[in-house]
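> Sequence first, predicted model second:
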Amino acid sequence: MIPKALEDLIVKFVTRSITSGELELLEKYLENPANDKVFRTYIELNHALDDLMNDYDPNEAKKKLLSMIREEKNYTKRRSRLVYLKYAAAAAILLLVSLPFVFNDSISDKPVTNDMDGLTEIPPGEDKAVLTLEDGRNIVLEKGKKYTTEKIKSDGKSLVYEEASPAAEEEVAFNYLTVPRGGQFFIQLPDSTGVWLNSESRLKYPVHFTKNRPREVELVYGEAYFDVSSATKHDNMSFKVKTQGQMVEVLGTEFNVKAYRDERRISTTLVEGRVTVGSGNSKRTLSPGQQSEVKDGEKNIEVNEVNVAMAIAWKNGLFMFDKMPLKEMMRTLSRWYDLEVKFENEKKKEMVFSGFLNRSENVNELLKNIERTGEVKFLIERKTVVIK
C-alpha cells in the first residue's frame, strides 16, 4: 500500500502547492525505490495528457518540476487542494487509475468493501492479428512468431510490406488484417503508409496500389490511426479510407477513424494536414483538431473541435476518459481486455467518469479504483464483469 501521506505529497507536488518542508519530506519518501516508482508513474502519465509521451524523460521532468517548485515563494500561504486534471470535469469522478488510489470529493470516508481482492487478474491485450492472404490462407501473427515472404515481413508485433511502385492497371489482389478483441497491431502498407489497428478491427487493402488511381483501403470495422505517405511521393495520387457509410480522402496526413460495429456513429479525427470526409451527398473538409461524426440514418456530417489527445490516446498506450458514461467506458475496456460486461443495475450505465489508465495495466486495478468511489461494485466471473 502507498502511504496516505505520500499520496497527499504527490498531489501537492503536481499542483505546486507543496511547502518547502513537505518537499523535503517527499524527497525522503523517494529514497525508497518503490515510492520513487509510484512517483515516476504518476508524473509520466500526468505529462502524457499534454504531450502523449512524445520522447518523454521522467528524470528530466522531475528535475524541472523540482526546480519550478523551489523557485516559488510564500509556500506556507498556499492551501492544499485536490488535483483535477484539465481533461476532467469538476462534476465527474476523477480516476487516477494507474495508481492504487483515487482523488475525488465523492469518495466517502467510510471504508469501502472491495469484492475483487483475491480474484484472478485479467491482463491487458497484446500485439496479435490474423493475416488473410489473397488465396484465402490465414496466418496467425503474434509474439514469438515470425512470418516472411518475398514481399512481407512480420516479427509478431508488426507487418511490413516491401515498398513498391504502383503497378500497371490490372486485377488487384487484396489482403485482410484482422485484430481480435484483446489485440492491437501495426501494418506498413506497400506505399509506406503506417496504420495502427485497435482491438476488434479489420482492414482490407491491396497487395500493391495501381498506377494513376487513388490509393484506397477499407476499414471494414473497428478503429485505426493512419499516417499517410505523402501524395507527392506517389504521382500525386490521393489516399482514401472507405468505411461503412463514409469515405475519407487525403493527400498525406495523420488522422484517426473509429467505426465500430456496435456503435451507431463513425468519427474521424484529424491530427495534422487536411482530409475530406464524404457521406452520401455530403462532404466536409477537416482542419487539425477537428472531428467529423456521421451517425446512422442521418445525412449530415457534424464537425466539432475536439481534444485530439483524447481521441488518439489508445495509439499512444493510454485510455483517456472524459465525462464518459460507464457503459461506454466498459465497452471500450471490453475490447482491449476481451471481456463480457453485464449490468445488473441499469442506472449504473449512465454514471459519468473521467480519468486515464495505462493500457499495459491489468483491468483489476482500474475496477478496484472505481469501486473506491463507493458508487459501483464489480464482480468478475472468469472473463465476465458483472456491474452491481
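Looks like it came in fine.
> Make sure residue 332 is actually in contact with residue 320.
No: using CB atoms under 8 Å, residue 332 is not in contact with residue 320; the gap is 10.1 Å. In this view, the C-beta of every residue, glycine as well, is placed from N, C-alpha and C.
> Comparing those two, which shows the higher neighbour count?
Higher neighbour count among residue 332 and residue 320: residue 320, with 24 against 17, using other CB atoms under 10 Å.
> Counting neighbours, what do you get for the residue lying closest to that one once chain neighbours are set aside?
Excluding the flanking residues, the one nearest residue 320 by CB to CB, 6 or more residues apart in numbering is residue 313, at 4.0 Å. Using other CB under 10 Å as the criterion, residue 313 is surrounded by 22 other residues.
> Residue 356 is in contact with residue 313, correct?
Yes: using CB under 8 Å, residue 313 makes contact with residue 356 at a distance of 7.4 Å.
> so what sits against both of these two?
Residues within reach of residue 313 and of residue 356 at once, by CB atoms under 8 Å, 6 or more residues apart in numbering, are 319-320.
> Let me know the next secondary structure element after the helix or strand bottoming out on mean pLDDT in the chain.
The weakest-scoring helix or strand in the chain, judged by mean pLDDT, DSSP states H and E, is strand 93-96 (a mean of 33). The element immediately downstream of strand 93-96 (helix or strand, assigned by DSSP states H and E) is strand 126-132.
> Now do whichever helix or strand comes after that following strand against strand 126-132: the angle between them, please.
Following strand 126-132 in sequence order, the next helix or strand is strand 138-142 (DSSP H and E). For strand 138-142 against strand 126-132, the angle by axes from the mean of the first three to the mean of the last three CA atoms, to 10 degrees is 170 degrees.
> The helix or strand that strand 138-142 is followed by packs against which elements?
Counting by DSSP H and E, the next helix or strand C-terminal to strand 138-142 is strand 147-148. For strand 147-148, the contact count by 3 or more CB pairs under 8 Å, 6 or more residues apart in numbering; DSSP states H and E identifies strand 152-154 as packing neighbours.
> Show me what the very next helix or strand once past the strand it packs on is packed against.
Going down the chain from strand 152-154, the next helix or strand is strand 158-161, by DSSP H and E. Counting contacts by 3+ CB pairs under 8 Å, 6+ apart, strand 158-161 is packed against strand 126-132, strand 152-154, strand 183-188.
> Need the ones you listed in JSON lines (columns: distance to residue 372, mean neighbour count and mean pLDDT).
Listed next are the helices and strands packed on strand 158-161 as JSON lines, based on distance: least, CB to CB, whole Å; neighbours: other CB atoms under 10 Å; pLDDT from 0 to 100:
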{"stretch": "strand 126-132", "distance to residue 372": "28", "mean neighbour count": "18", "mean pLDDT": "97"}
{"stretch": "strand 152-154", "distance to residue 372": "42", "mean neighbour count": "18", "mean pLDDT": "96"}
{"stretch": "strand 183-188", "distance to residue 372": "28", "mean neighbour count": "23", "mean pLDDT": "98"}
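> Switch these over to TSV; also include distance to residue 282.
Shown next, in TSV, are these (distance: least, CB to CB, whole Å):
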stretch	distance to residue 282
strand 126-132	33
strand 152-154	38
strand 183-188	30
